[in-house]
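> build the 3D model from these lines:
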Amino acid sequence: MNIHSLTYKNKEIEWTLEPITFQPLTLLVGASGVGKTKILNAILNLKKISRGQSLNGVEWHIKFSTHKGHIYEWQGKFENKVNPQRFVNERDEKDLPRIIDEKLLINDKLVIKRTETEILFNDVKTVKLSQIESVIYLLKEEDDIKDIYQEFGQILFDYECSNRYNLTERMLLEILIDNHLKPELITLDSIRNSDKPLNIKFYLSSKINIFNEIKEAFIDIFPYVEDIKVAPLEKSQFKFILKEIPYLQIKEKGVRNWINARNMSSGMLRTLMHIAELYLCADGTLILIDEFENSLGINCIDEVTDSIINKRKSLQFIITSHHPYIINNIDFKNWKLISRQAGVVKSYEATKLISGKS
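Residues are numbered from 1 along each chain as shown. Below you'll find the predicted structure:
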């Protein structure tokens, strides 16, 4: 999905984001504490709402488009309860915040109108549905809504790149199943369009030619690396099924043994995962990156920044950073200057405030 604009309010914590617009690449610039990370979290909260979560005191209005070219406007409001329940089950659902207003427009046509008492879908009243879940979630099987639900699933927060490359037991099970897939079923499109985590996609990419492109892009940044593979460890001490665990490993020039992900530097690992994102995410993916420079060495920042600017135009990036290289190498036409007064956050177009390079 590509977000065009967003207005967001959380009455529970008295925090308001006034209308902000986004481009295919948007860099949020501002002093620490002004609300840059909270803007990313607001977008993630909308993803949660689209997945059926109830968020106390939240109001929103978002305009976005999908890869099919449709323009959507989705707005809504949860009631603001005192001491709301934080967990849902059948017994206490009545204690969770209810949605008291919700609308969805598709290409300027009102498709859904919701009040506290009813939901109209294409001017037809629906059966009584849950009052704590969004219409995006409740009607996700409807043709008009299915694409929206799927597009919100393609919002990716960059947490995977800031952690070590680990495979949980659940992921291991997925991999062992995928090991038995016929080679013709593993294609770039099938990898990109799957809902698998990035490290699973990276493993699957090792079965096809795109892996060589990722590897070459990584070696261009780290020329002392001569090879990359995703395979079980040699001389593994694991027994039985654990012997099949595939690990990310690199081979450095002049070093005899392969180095696995646990022993790679955080900068190298994060750089590799950023590159993998660019190649393996589905068209229309929105990637949120907080403090982009974290864990990247000075030799990585320029190359990864250039890759994000120049590769995969079908992706949208919303990034925060304090690093001079990143800020000065992203055209200030792509900046949003963020300021805050009390609980109100505002954004400004950099082109209206500065000229030339900052």
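
> hmm, Phe332 and Glu349 touching each other?
No: judged on Cβ atoms under 8 Å, Glu349 makes no contact with Phe332 at a distance of 9.3 Å. In this view, the C-beta of every residue, glycine as well, is placed from N, C-alpha and C.

> between the two, which one's more packed in?
Each of Glu349 and Phe332 has its neighbours counted (other Cβ atoms under 10 Å); Phe332 has more, 19 against 13.

> and the nearest residue to that one once chain neighbours are set aside, how many residues sit next to it?
Closest residue in space to Phe332, ignoring its immediate chain neighbours: Ala350 at 4.3 Å, by Cβ to Cβ, 6 or more residues apart in numbering. Under the neighbour criterion other Cβ under 10 Å, Ala350 is assigned a count of 18.

> do Glu142 as well
Neighbours around Glu142, by other Cβ under 10 Å: 15.

> dump the residue contacts of it.
Glu142 makes contact with Phe121, according to Cβ atoms under 8 Å, 6 or more residues apart in numbering.

> which residues of the stretch 151-300 of the chain fall in helices?
Secondary structure of the stretch 151-300 of the chain (DSSP state H, counting those that start in this stretch): helices at 169-178, 188-192, 198-205, 210-221, 266-280, 298-310.

> those: which one's closest to Glu133?
Of all the helices of the stretch 151-300 of the chain, it is helix 169-178 that lies closest to Glu133, at 25.4 Å by Cβ to Cβ.

> what mean pLDDT does that closest one get?
Per-region confidence: helix 169-178 scores 59 on mean pLDDT.

> helices and strands of the protein: which one has the lowest mean pLDDT?
None of the helices or strands of the chain scores lower by mean pLDDT, DSSP states H and E than helix 169-178, at a mean of 59.

> mind putting the helices of the stretch 151-300 of the chain into CSV with mean neighbour count and distance to Ile112?
Below are the helices of the stretch 151-300 of the chain laid out as CSV (neighbours: other Cβ atoms under 10 Å; distance: least, Cβ to Cβ, whole Å):
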stretch, mean neighbour count, distance to Ile112
helix 169-178, 14, 35
helix 188-192, 15, 30
helix 198-205, 22, 33
helix 210-221, 16, 39
helix 266-280, 22, 33
helix 298-310, 16, 35
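
> adding distance to Tyr149, write the ones you listed out as CSV.
What follows is these, written out as CSV (distance: least, Cβ to Cβ, whole Å):
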stretch, distance to Tyr149
helix 169-178, 22
helix 188-192, 18
helix 198-205, 21
helix 210-221, 27
helix 266-280, 22
helix 298-310, 27
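
> between those, which one is nearest to Ile245?
Going by Cβ to Cβ, the one of the helices of the stretch 151-300 of the chain nearest Ile245 is helix 169-178, 6.0 Å.

> read off the pLDDT value for the residue nearest to Phe332.
With respect to pLDDT, Ala350 has a value of 86.

> repeat for Ser266
79.

> ok, now Phe238?
On the pLDDT scale, Phe238 gets 54.

> could I get the pLDDT score of Cys300?
For Cys300, the model assigns a pLDDT of 73.

> show me the contacts for it.
Here Cys300 is in contact with 221, 267-268, 270-271 (Cβ under 8 Å, 6+ apart).
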